[in-house]
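Student: Give the three-dimensional model of this entry:
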Amino acid sequence: MFCTPLGYADQPDADLVKQGTAALKHHDYDIAIAKFSEAIRLAPNDAEAWGSRGEAYAGKGDFDPARADCAQAVKLAPTSGDAYRRCGIVYYHAKEFERAIAAYDTAIKLDPQIAPAYSDRGMTYFRLEQTDRAISDFDQALKLDPSLSDAYVMRGNAWLVKGDFDRAWDDFNRALEADPKSAYAYVSRGYAAAWRYDFDDAISDYNRAISIDPTYQDAYRFRDEALQRKSNAWWGPIYLFFMGVGVLALLFWVFWTYISPTAFSHEVDRQFKRMPDGRLVFYPRLKGVGYVVPDAEKEKALRSFAKDFRSAAPASGILWVILFFILVWSVQGLVTSQLVRLGISPSDGIFLCTLSAFILMMLARQIAFSRWRRAAVHGLAIASEKGELPKFDLRMDDLISDIPVPFRWIALALVLFLFYWSFRGLWIELHEFSLRGFENSSIVDWLGIPAGIIWLWYGGRLLNYAVRRHRRRTDQAQKAA
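Tutor: Reported below is the predicted structural model:
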């Protein structure tokens, strides 16, 4: 988006500014800076050259000289809306969005007919996730100049964020009608197609964008992602099947633990230990503090508590997930808006709100279970012997022994599936991370890598246990024979 030059057509630097503007449009920042610098040498009072060079410096990431050139352009042309608009572009690249909006406001005040200023301000609002304001500015820009292809594209992206695919698709097509050579429009339309799982159309649009601008890195990145997602599409039904089986199995298991009197019998037995002097000690956490059981009646009550406690864990987990989403949905908008007033971006505000809700729910669950545990052992004498956490294989043996045989096979299938999915997901995440680069990766992208590693490690540990258990059972069968 570039304004009409500030009347330099008859100046000796006119051709240089035109050449620099063309280079700037194609992101050839070094060439653009060289052209504008030469233009400034020939005509030191050309505000257009100063402002354009500032924009080129900003695009390159050199923000100090960009701000200096912007200030000089405004000094030379204090009543030029275009000079302030270019300052807004500088601040936008520097991620000083409030200053950018202020510069665009001034540009529009000086020249209410400056359509690109509305479009640029709309883009800034879009980055601030103020989507409705962004759409309003794009509407005004296109009302003033229907040929602004990029404004159609950005408005389409805004509609896409709001979930209105039809309007977004219409804007992308209008952008291509206004400028059939717009690589940006093809990439955006391709992204929208991929969003609807129309990967062939998406790949076709990315290829068109690359043919127009072979240096368009996002086109290559999005095309690779679309190709990857297309090859993964057939995994969708399999993934849903395993997830459905897992959820149904979990719900049935929760129900079974409550109706079965022998549920968790091996794990409950592990919490009691008979000492050499005849005392029976109950360890609520298996590890750490134990309590002396005074009589058979108390032992029966504690065994019932231990069984109910373990049964409540998966049930509360399901309830916890439901309440967590209800809490996030109900307070996220309000909390995020307050955080934005403190200068925190909306995306960071959403993350902080979600993290806070997660911590709050975890604390509430921990407090509730701790109070229940303390009530169960209230009045019992503390044993001098500390409990020790059993080895991983022993704990898994208890868990497997307490699970009905059909659920063991379901659990094994899910572990195999999750192990493979974690391995594959981690590889894809690392591949996409390398495509995005450090500067374009969100906090979710960063968290995805350690999460994949943790799932892979734990899944591998479970599979290793399954192999060892099978070998033990085989050896025992051979010795018995």
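Student: CA atoms for contacts and neighbours, from now on please.
Tutor: OK.
Student: Do me a favour and get the end-to-end distance for stretch 140-154?
Tutor: Stretch 140-154 has an end-to-end distance of 13 Å (C-alpha to C-alpha, to the nearest Å).
Student: need the contact list for residue 277.
Tutor: Residue 277 makes no contacts at all, as judged by C-alpha atoms under 8 Å, 6 or more residues apart in numbering.
Student: Wasn't it part of a strand?
Tutor: No. Residue 277 is assigned coil when assessed by DSSP: H, G, I helix; E, B strand; the rest coil, not a strand.
Student: How much space separates it from residue 270?
Tutor: 19 Å.
Student: gap between residue 243 and residue 458?
Tutor: Counting by C-alpha to C-alpha, the gap from residue 243 to residue 458 is 18 Å.
Student: If you could redo that for residue 389, that was the one I meant.
Tutor: Residue 389 is 18 Å from residue 458, by C-alpha to C-alpha.
Student: got it, and residue 40?
Tutor: According to C-alpha to C-alpha, residue 40 stands 63 Å off from residue 458.
Student: Just want to know which of those two has more residues nearby.
Tutor: For the pair residue 40 and residue 458, the greater number of neighbours falls to residue 40 (20 against 13), based on other C-alpha atoms under 10 Å.
Student: how distant is the helix or strand where that one lies from the center of its chain?
Tutor: Per DSSP states H and E: residue 40 is located in helix 29-42. Put simply, helix 29-42 sits 40 Å off its chain's centre (C-alpha atoms, centre = their mean, to the nearest Å).
Student: For that helix, buried residues please.
Tutor: Within helix 29-42, the residues that qualify as buried are 29-33, 35-40, counting by 16 or more other C-alpha atoms under 10 Å.
Student: which phi and psi does the residue of the chain positioned farthest from its centre have?
Tutor: Centroid-distance maximum for the chain: residue 277 at 57.5 Å, with C-alpha atoms, centre = their mean. For residue 277, the backbone dihedrals are phi -90, psi 10 (criterion: degrees, to the nearest 10).
Student: Return the per-residue confidence for it.
Tutor: On pLDDT, residue 277 comes in at 91.
Student: And for residue 333?
Tutor: 64.
Student: What is the helix or strand of the chain with the lowest mean pLDDT packed up against?
Tutor: Sorting the helices and strands of the chain by mean pLDDT, DSSP states H and E puts helix 405-436 at the bottom, at a mean of 72. The criterion is 3 or more C-alpha pairs under 8 Å, 6 or more residues apart in numbering; DSSP states H and E, and the helices and strands that helix 405-436 contacts are helix 217-232, helix 235-259, helix 443-480.
Student: could you dump those helices to TSV with distance to residue 376 and mean pLDDT?
Tutor: Compiled in TSV, these are given as follows (distance: least, C-alpha to C-alpha, whole Å; pLDDT from 0 to 100):
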stretch	distance to residue 376	mean pLDDT
helix 217-232	50	82
helix 235-259	19	75
helix 443-480	32	78
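Student: can you pull out the strands in the stretch 1-150 of the chain?
Tutor: Under the criterion DSSP state E, counting those that start in this stretch, the stretch 1-150 of the chain carries no strands.
Student: where do the helices sit along it?
Tutor: 14-25, 29-42, 47-60, 63-76, 81-93, 97-110, 115-127, 131-144, 149-161 (DSSP state H, counting those that start in this stretch).
Student: Would you single out the least confident of those?
Tutor: helix 14-25 (a mean of 82).
Student: now the longest helix along the chain against helix 235-259, angle please.
Tutor: Counting by DSSP state H, the longest helix found in the chain is helix 296-341. Angle of helix 296-341 versus helix 235-259, following axes from the mean of the first three to the mean of the last three C-alpha atoms, to 10 degrees, is 140 degrees.
Student: and helix 296-341, what other elements does it pack with?
Tutor: helix 235-259, helix 265-270, helix 346-376.
Student: Give me whichever of the ones you listed is most buried.
Tutor: Sort those by mean neighbour count, taking mean count of other C-alpha atoms under 10 Å, and helix 265-270 sits at the top with a mean of 18.
Student: Quick one: residues in contact with that one.
Tutor: 286, 303, 306-307, 395, 398-399, 401-402.
Student: change it to 7 Å
Tutor: Residues outside helix 265-270 that contact it (C-alpha atoms under 7 Å, 6 or more residues apart in numbering): 303, 306-307, 398-399, 402.
Student: just to revisit the earlier point, can you convert the helices of the stretch 1-150 of the chain into a markdown table and add a column each for distance to residue 354?
Tutor: Formatted as a markdown table, the helices of the stretch 1-150 of the chain follow (distance: least, C-alpha to C-alpha, whole Å):
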| stretch | distance to residue 354 |
| --- | --- |
| helix 14-25 | 40 |
| helix 29-42 | 40 |
| helix 47-60 | 34 |
| helix 63-76 | 34 |
| helix 81-93 | 28 |
| helix 97-110 | 25 |
| helix 115-127 | 20 |
| helix 131-144 | 21 |
| helix 149-161 | 20 |
